[in-house]
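In: model the structure of this input:
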Amino acid sequence: MLESKRKAIIFLLIAITLAVISGFLVLQKVQALNTDLGTEVTIYVANGDISSRQIITPDDVTTDEVPTSYLRDEHITDVDDFVNKVSVVPLSEGEVITKNMLKEASSVTEADNRIISLIQSEKVSFDEALTALDRVDILVSHSFDEEPVTEVFMEDVKVARVAQNEGEFSGVQVEVPNEMVPQLIHMQNYADSFRIVKANVGQSQPEDENDVEASENQEDNSAEDQPDEVEENNNDDNKDEEDDDE
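Out: Here you go, the predicted structure:
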(Lines give C-alpha, C1' and ligand atoms only; values in the text may rest on other atoms or scores of the structure.)
Protein backbone atom coordinates (compact mmCIF):
# COMPACT_ATOMS: atom_id res chain seq x y z
CA MET A 1 0.00 0.00 0.00
CA LEU A 2 2.79 2.38 0.93
CA GLU A 3 4.64 1.38 -2.22
CA SER A 4 1.68 2.18 -4.46
CA LYS A 5 1.18 5.49 -2.69
CA ARG A 6 4.80 6.40 -3.22
CA LYS A 7 4.55 5.57 -6.92
CA ALA A 8 1.42 7.69 -7.27
CA ILE A 9 3.15 10.65 -5.66
CA ILE A 10 6.16 10.24 -7.98
CA PHE A 11 3.91 10.11 -11.07
CA LEU A 12 2.03 13.17 -9.82
CA LEU A 13 5.25 15.12 -9.38
CA ILE A 14 6.44 14.10 -12.83
CA ALA A 15 3.11 15.16 -14.35
CA ILE A 16 3.23 18.51 -12.58
CA THR A 17 6.82 19.06 -13.73
CA LEU A 18 5.93 18.23 -17.34
CA ALA A 19 2.88 20.51 -17.17
CA VAL A 20 5.02 23.38 -15.88
CA ILE A 21 7.61 22.83 -18.61
CA SER A 22 4.91 22.64 -21.31
CA GLY A 23 3.25 25.79 -20.02
CA PHE A 24 6.56 27.62 -20.00
CA LEU A 25 7.31 26.60 -23.61
CA VAL A 26 3.81 27.62 -24.75
CA LEU A 27 4.16 30.96 -22.97
CA GLN A 28 7.48 31.61 -24.70
CA LYS A 29 5.95 30.80 -28.08
CA VAL A 30 2.99 33.10 -27.46
CA GLN A 31 5.31 35.90 -26.37
CA ALA A 32 7.40 35.45 -29.53
CA LEU A 33 4.27 35.62 -31.70
CA ASN A 34 3.04 38.67 -29.84
CA THR A 35 6.41 40.33 -30.33
CA ASP A 36 6.31 39.73 -34.09
CA LEU A 37 2.72 40.85 -34.38
CA GLY A 38 3.24 43.78 -32.07
CA THR A 39 5.99 45.34 -34.26
CA GLU A 40 4.07 47.18 -36.94
CA VAL A 41 5.23 48.90 -40.10
CA THR A 42 3.58 51.64 -42.16
CA ILE A 43 2.27 50.82 -45.63
CA TYR A 44 0.24 52.91 -48.10
CA VAL A 45 -3.36 52.33 -49.17
CA ALA A 46 -5.78 54.20 -51.43
CA ASN A 47 -7.39 57.19 -49.73
CA GLY A 48 -10.27 57.05 -52.21
CA ASP A 49 -11.20 55.65 -55.59
CA ILE A 50 -8.27 55.95 -58.02
CA SER A 51 -8.83 55.50 -61.75
CA SER A 52 -6.38 53.56 -63.88
CA ARG A 53 -3.74 55.66 -65.68
CA GLN A 54 -4.37 58.49 -63.21
CA ILE A 55 -1.27 60.21 -61.82
CA ILE A 56 -1.17 59.53 -58.08
CA THR A 57 -0.92 62.58 -55.81
CA PRO A 58 -0.26 62.73 -52.03
CA ASP A 59 -4.00 63.28 -51.45
CA ASP A 60 -4.78 59.95 -53.17
CA VAL A 61 -2.98 57.80 -50.59
CA THR A 62 -3.01 57.32 -46.84
CA THR A 63 -1.14 55.11 -44.38
CA ASP A 64 -2.06 51.90 -42.59
CA GLU A 65 -0.25 49.68 -40.08
CA VAL A 66 0.44 45.95 -40.54
CA PRO A 67 2.52 43.51 -38.49
CA THR A 68 6.07 43.00 -39.69
CA SER A 69 5.41 39.30 -40.28
CA TYR A 70 2.77 40.23 -42.87
CA LEU A 71 4.99 42.71 -44.73
CA ARG A 72 5.84 41.63 -48.30
CA ASP A 73 8.40 42.94 -50.74
CA GLU A 74 5.72 44.41 -53.00
CA HIS A 75 4.25 46.57 -50.22
CA ILE A 76 5.07 50.28 -50.49
CA THR A 77 6.61 51.80 -47.36
CA ASP A 78 8.14 54.95 -48.87
CA VAL A 79 5.96 57.78 -50.22
CA ASP A 80 8.67 58.66 -52.77
CA ASP A 81 7.72 55.49 -54.66
CA PHE A 82 4.58 57.32 -55.86
CA VAL A 83 6.46 60.18 -57.56
CA ASN A 84 5.42 60.43 -61.24
CA LYS A 85 3.56 57.10 -61.05
CA VAL A 86 0.15 55.97 -62.27
CA SER A 87 -1.92 52.96 -61.28
CA VAL A 88 -2.40 50.35 -63.99
CA VAL A 89 -5.63 49.11 -62.36
CA PRO A 90 -8.55 50.94 -60.71
CA LEU A 91 -8.21 51.11 -56.92
CA SER A 92 -10.95 51.33 -54.30
CA GLU A 93 -10.76 53.21 -51.03
CA GLY A 94 -8.70 51.33 -48.43
CA GLU A 95 -7.15 48.96 -50.98
CA VAL A 96 -3.49 48.19 -50.37
CA ILE A 97 -1.23 49.62 -53.10
CA THR A 98 1.63 47.39 -54.22
CA LYS A 99 4.61 48.10 -56.48
CA ASN A 100 3.33 45.89 -59.30
CA MET A 101 0.22 48.11 -59.54
CA LEU A 102 2.30 51.19 -60.41
CA LYS A 103 3.89 52.31 -63.63
CA GLU A 104 5.95 55.32 -64.65
CA ALA A 105 3.75 58.15 -65.89
CA SER A 106 4.13 59.06 -69.54
CA SER A 107 6.09 62.23 -70.30
CA VAL A 108 3.98 62.94 -73.39
CA THR A 109 2.50 66.43 -73.10
CA GLU A 110 0.15 66.17 -76.09
CA ALA A 111 -2.26 63.37 -77.00
CA ASP A 112 -1.06 63.24 -80.64
CA ASN A 113 2.61 62.83 -79.69
CA ARG A 114 4.58 59.64 -79.17
CA ILE A 115 7.78 58.68 -77.30
CA ILE A 116 10.65 57.24 -79.39
CA SER A 117 13.91 55.95 -77.89
CA LEU A 118 17.28 56.96 -79.33
CA ILE A 119 19.98 54.89 -77.64
CA GLN A 120 23.67 55.61 -78.15
CA SER A 121 25.33 53.11 -80.48
CA GLU A 122 27.66 52.92 -83.46
CA LYS A 123 24.88 54.42 -85.56
CA VAL A 124 23.52 56.93 -83.02
CA SER A 125 25.83 59.54 -81.48
CA PHE A 126 25.35 62.50 -79.13
CA ASP A 127 27.47 65.64 -78.97
CA GLU A 128 26.90 65.95 -75.22
CA ALA A 129 24.96 64.46 -72.35
CA LEU A 130 21.37 65.68 -72.27
CA THR A 131 18.72 66.12 -69.61
CA ALA A 132 14.94 65.91 -69.62
CA LEU A 133 13.16 68.85 -71.29
CA ASP A 134 16.19 69.72 -73.44
CA ARG A 135 15.51 70.48 -77.10
CA VAL A 136 17.54 68.73 -79.80
CA ASP A 137 18.04 68.64 -83.56
CA ILE A 138 18.32 65.27 -85.30
CA LEU A 139 20.75 65.03 -88.21
CA VAL A 140 20.93 61.95 -90.42
CA SER A 141 23.38 60.72 -93.01
CA HIS A 142 22.13 58.31 -95.67
CA SER A 143 22.68 57.13 -99.22
CA PHE A 144 19.11 56.48 -100.33
CA ASP A 145 19.68 58.16 -103.73
CA GLU A 146 23.10 56.51 -104.21
CA GLU A 147 24.82 59.72 -103.14
CA PRO A 148 25.80 60.42 -99.53
CA VAL A 149 23.60 63.07 -97.97
CA THR A 150 23.67 64.64 -94.51
CA GLU A 151 20.62 66.67 -93.60
CA VAL A 152 18.66 68.01 -90.66
CA PHE A 153 15.83 65.51 -90.30
CA MET A 154 13.99 67.10 -87.34
CA GLU A 155 14.43 70.35 -85.44
CA ASP A 156 13.62 71.50 -81.90
CA VAL A 157 12.55 68.06 -80.64
CA LYS A 158 11.70 67.75 -76.95
CA VAL A 159 13.65 65.29 -74.78
CA ALA A 160 11.05 63.53 -72.63
CA ARG A 161 13.35 61.28 -70.61
CA VAL A 162 17.02 60.37 -70.36
CA ALA A 163 18.34 56.80 -70.39
CA GLN A 164 21.29 55.78 -68.24
CA ASN A 165 23.43 52.67 -68.04
CA GLU A 166 25.27 52.17 -64.74
CA GLY A 167 24.89 55.86 -64.01
CA GLU A 168 26.27 56.97 -67.38
CA PHE A 169 24.28 58.77 -70.07
CA SER A 170 23.27 56.28 -72.78
CA GLY A 171 20.44 57.88 -74.76
CA VAL A 172 17.15 59.73 -74.74
CA GLN A 173 13.47 59.32 -75.38
CA VAL A 174 12.14 62.09 -77.59
CA GLU A 175 8.59 63.30 -78.03
CA VAL A 176 7.58 63.53 -81.68
CA PRO A 177 4.27 64.10 -83.51
CA ASN A 178 2.43 60.92 -84.40
CA GLU A 179 2.71 61.55 -88.15
CA MET A 180 6.52 61.73 -87.87
CA VAL A 181 6.88 58.42 -86.02
CA PRO A 182 7.05 56.16 -89.15
CA GLN A 183 9.60 58.46 -90.80
CA LEU A 184 11.81 58.59 -87.70
CA ILE A 185 11.70 54.80 -87.25
CA HIS A 186 12.45 54.35 -90.96
CA MET A 187 15.53 56.55 -90.57
CA GLN A 188 16.56 54.60 -87.47
CA ASN A 189 16.41 51.36 -89.40
CA TYR A 190 17.93 52.38 -92.74
CA ALA A 191 19.97 55.60 -92.35
CA ASP A 192 23.74 55.22 -92.10
CA SER A 193 24.10 57.35 -88.97
CA PHE A 194 22.20 59.56 -86.54
CA ARG A 195 23.62 62.59 -84.77
CA ILE A 196 21.71 64.33 -82.00
CA VAL A 197 22.80 67.86 -81.16
CA LYS A 198 21.44 70.13 -78.47
CA ALA A 199 19.38 72.99 -79.88
CA ASN A 200 20.23 76.55 -78.82
CA VAL A 201 16.93 77.77 -77.48
CA GLY A 202 16.22 81.02 -75.69
CA GLN A 203 19.53 82.82 -76.28
CA SER A 204 17.81 85.96 -77.54
CA GLN A 205 15.59 86.24 -74.47
CA PRO A 206 17.71 88.87 -72.65
CA GLU A 207 17.57 91.15 -75.72
CA ASP A 208 13.81 90.74 -75.86
CA GLU A 209 13.53 91.68 -72.19
CA ASN A 210 15.60 94.80 -72.81
CA ASP A 211 13.37 95.75 -75.72
CA VAL A 212 10.29 95.31 -73.56
CA GLU A 213 11.82 97.40 -70.81
CA ALA A 214 12.78 100.15 -73.29
CA SER A 215 9.27 100.21 -74.76
CA GLU A 216 7.79 100.48 -71.26
CA ASN A 217 10.10 103.43 -70.50
CA GLN A 218 9.02 105.12 -73.72
CA GLU A 219 5.36 104.67 -72.81
CA ASP A 220 6.00 106.13 -69.34
CA ASN A 221 7.81 109.12 -70.83
CA SER A 222 5.03 109.72 -73.33
CA ALA A 223 2.47 109.49 -70.55
CA GLU A 224 4.41 112.11 -68.56
CA ASP A 225 4.59 114.42 -71.58
CA GLN A 226 0.85 114.29 -72.28
CA PRO A 227 -0.22 116.57 -69.35
CA ASP A 228 2.20 119.29 -70.52
CA GLU A 229 0.77 119.14 -74.01
CA VAL A 230 -2.79 119.36 -72.68
CA GLU A 231 -1.86 122.35 -70.53
CA GLU A 232 -0.28 124.15 -73.51
CA ASN A 233 -3.39 123.50 -75.61
CA ASN A 234 -5.60 124.91 -72.85
CA ASN A 235 -3.43 128.05 -72.66
CA ASP A 236 -3.72 128.56 -76.42
CA ASP A 237 -7.51 128.20 -76.26
CA ASN A 238 -7.71 130.77 -73.46
CA LYS A 239 -5.66 133.26 -75.50
CA ASP A 240 -7.94 132.79 -78.52
CA GLU A 241 -11.01 133.46 -76.37
CA GLU A 242 -9.48 136.68 -74.97
CA ASP A 243 -8.70 137.90 -78.49
CA ASP A 244 -12.31 137.26 -79.56
CA ASP A 245 -13.63 139.22 -76.57
CA GLU A 246 -11.48 142.20 -77.43
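In: does residue 55 touch residue 104 like I think?
Out: No: in this structure, residue 55 sits apart from residue 104 without contact. The criterion is CB atoms under 8 Å, and the distance is 10.6 Å. (C-beta placed from N, C-alpha, C; glycine too.)
In: can you check which residues contact both of these two?
Out: In terms of CB atoms under 8 Å, 6 or more residues apart in numbering, residue 55 and residue 104 are both contacted by the residues 84-86.
In: could you report the distance from the residue nearest to residue 84 when sequence neighbours are not counted to residue 120?
Out: Spatial nearest neighbour of residue 84, chain neighbours left out: residue 105 (4.8 Å); criterion: CB to CB, 6 or more residues apart in numbering. Shown here: residue 105 relative to residue 120, a distance of 25 Å by CB to CB, to the nearest Å.
In: and if you look at residue 72?
Out: Here the distance between residue 72 and residue 120 works out to 38 Å (CB to CB).
In: quick one: contacts for the residue nearest the centre of the chain?
Out: Relative to the mean C-alpha position of the chain, the nearest C-alpha, by CA atoms, centre = their mean, is the one of residue 84, at 3.1 Å. Contacts of residue 84 were listed using CB under 8 Å, 6+ apart, and they are 55, 104-105.
In: so what strands line up beside the top strand by length along the chain?
Out: Scanning the chain for the strand with the most residues, using DSSP state E, yields strand 149-165. The strands beside strand 149-165 in its sheet (DSSP bridges) come out as strand 135-142 (antiparallel), strand 168-177 (antiparallel).
In: how distant is it from the center of its chain?
Out: 21 Å (CA atoms, centre = their mean, to the nearest Å).
In: and the host helix or strand of residue 16, what's its mean pLDDT?
Out: Element membership of residue 16, judged by DSSP states H and E, is helix 2-38. Averaging pLDDT along helix 2-38 yields 81.
In: what's that helix packed up against?
Out: strand 61-67 (3 or more CB pairs under 8 Å, 6 or more residues apart in numbering; DSSP states H and E).
In: which element follows the strand it packs on toward the C-terminus?
Out: For strand 61-67, the following helix or strand on the C-terminal side (DSSP H and E) is strand 85-87.
In: centre of the chain versus that next one, how much separation?
Out: Its chain's C-alpha centre lies 10 Å from the corresponding centre of strand 85-87 when counted by CA atoms, centre = their mean.
In: before we move on, the earlier item: can you tell me what sits against the longest strand of the chain?
Out: Strand 149-165 has contacts (CB under 8 Å, 6+ apart) with 107-109, 115, 117, 119, 130-143, 169-176, 180, 183-184, 187, 199, 201.
In: which entries within the residues you listed meet the buried criterion?
Out: Neighbour counting by 16 or more other CB atoms under 10 Å classes 107, 130, 134-140, 142, 171-176, 184, 187, 199 among those as buried.
In: so where's the chain shaky on pLDDT?
Out: Within the chain, the set of residues satisfying pLDDT under 70 comprises 1-2, 34-38, 106-110, 201-246.
In: same drill for residue 55 and residue 104, tell me which one is more crowded.
Out: Neighbour totals were compared for residue 55 and residue 104, and residue 55 leads with 14 against 10 (other CB atoms under 10 Å).
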